[in-house]
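Student: no FASTA, just this:
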């Protein structure tokens, strides 16, 4: 489903070249949930951006859902994301001038779905927001906003969902409820999930846990020792 081979990313800064990824390699099987842990600055969020086609590697190969992302144009990458990739961010990234229903419907509309609003209603109801269709993000709690963001990510039934610290802005009780819903949706759709997190308990819910350090994926983290090795 996902294959990253020897990916490097070097960015220029005022202080000179900065090596963000240094030969990163990983693979995800179809339907697999993988947790990605590691210290801040290790390259986890950059890896997510690479897999989403939001950042281009300096070298190496990135393959998602059987497609090589490396030679794609920006327009091709946008179309690819629209149909194959869902993203859940820590800070929700909802459109403030759109209602919860409109936020969930927009990726479906962009994909040409005539039933966009009907599907969005079902998705929002599925995350417990059936009474909040007409509410704007500013009228929703943090947990409710993240549930809208999850409904939006899963609504087009993508092959891959990338979640970057999805509970980072939530209290523990709310975060637990959000994660339960995420794993339920992932299981129901058979979606491949890459979960970036500092929460080792959360990471251990995945099928595998990988650790990044200094721009490389350095191996699996056994569940029983993840809390000692995650560097968080």
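Tutor: On my side now, so go ahead. Here the structure is a predicted model, which means the values were calculated and not measured.

Student: Tell me who's in contact with the most centrally placed residue in the chain.
Tutor: Taking C-alpha atoms, centre = their mean, the centroid of the chain lies closest to residue 162, which sits 1.7 Å from it. For residue 162, the contacting residues are 48, 51, 52, 85, 86, 87, 88, 194, 196, by C-beta atoms under 8 Å, 6 or more residues apart in numbering. The way it works is simple: take the backbone N, C-alpha and C, and place the C-beta from them, glycine included.

Student: partners of the helix or strand containing it, with directions?
Tutor: Remark: residue 162 resides in strand 160-164, with elements defined by DSSP states H and E. According to DSSP bridges, strand 160-164 has the following sheet partners: strand 85-88 (parallel), strand 192-196 (parallel).

Student: so which of the ones you listed comes closest to residue 96?
Tutor: Nearest to residue 96 among the strands paired with strand 160-164 is strand 85-88 (17.6 Å), distances taken as C-beta to C-beta.

Student: for whatever helix or strand comes next after the closest one, which positions count as buried?
Tutor: Moving toward the C-terminus from strand 85-88, the first helix or strand encountered (DSSP H and E) is helix 100-110. When burial is assessed from 16 or more other C-beta atoms under 10 Å, helix 100-110 yields the following buried residues: 100, 101, 102, 103, 104, 105, 106, 107, 108.

Student: Touching whichever helix or strand comes after helix 100-110 from outside, list them.
Tutor: The element immediately downstream of helix 100-110 (helix or strand, assigned by DSSP H and E) is helix 116-126. Contacts to helix 116-126, defined as C-beta under 8 Å, 6+ apart, come from residues 100-102, 104-106, 108-109, 113, 130, 132-133, 148, 151-152, 154-155, 185.

Student: Relative to the whole chain's centre, how far out is the strand holding residue 162?
Tutor: Distance of strand 160-164 from its chain centroid, counting by C-alpha atoms, centre = their mean, to the nearest Å, is 2 Å.

Student: go on, stretch 48-55?
Tutor: Using C-alpha atoms, centre = their mean, the mean C-alpha position of stretch 48-55 is found 10 Å from that of the whole chain.

Student: before we move on, back to that, filter the contacts of residue 162 to the buried ones?
Tutor: Burial of the contacts of residue 162 was assessed by neighbour count (16+ other C-beta under 10 Å); the buried members are 48, 51, 52, 85, 86, 87, 88, 194, 196.

Student: tell me the contacts of the third one?
Tutor: The contact partners of residue 52, by C-beta under 8 Å, 6+ apart, come to 81, 85, 87, 162.

Student: Among these, which one sits closest to residue 207?
Tutor: Checking these against residue 207 with C-beta to C-beta, the nearest one is residue 162 at 15.8 Å.

Student: which other residues reach the longest helix seen in the chain?
Tutor: Using DSSP state H to define each element, the chain has its longest helix at helix 172-189. By C-beta under 8 Å, 6+ apart, the list of residues contacting helix 172-189 from outside reads 33, 88, 126-128, 141-143, 146-147, 150, 154, 157, 161, 163, 166-167, 170, 191, 193, 202, 205.

Student: ok so, going back, can I get the contacts of residue 52 in CSV including pLDDT?
Tutor: Shown next, in CSV, are the contacts of residue 52 (pLDDT from 0 to 100):
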residue, pLDDT
81, 92
85, 95
87, 94
162, 97
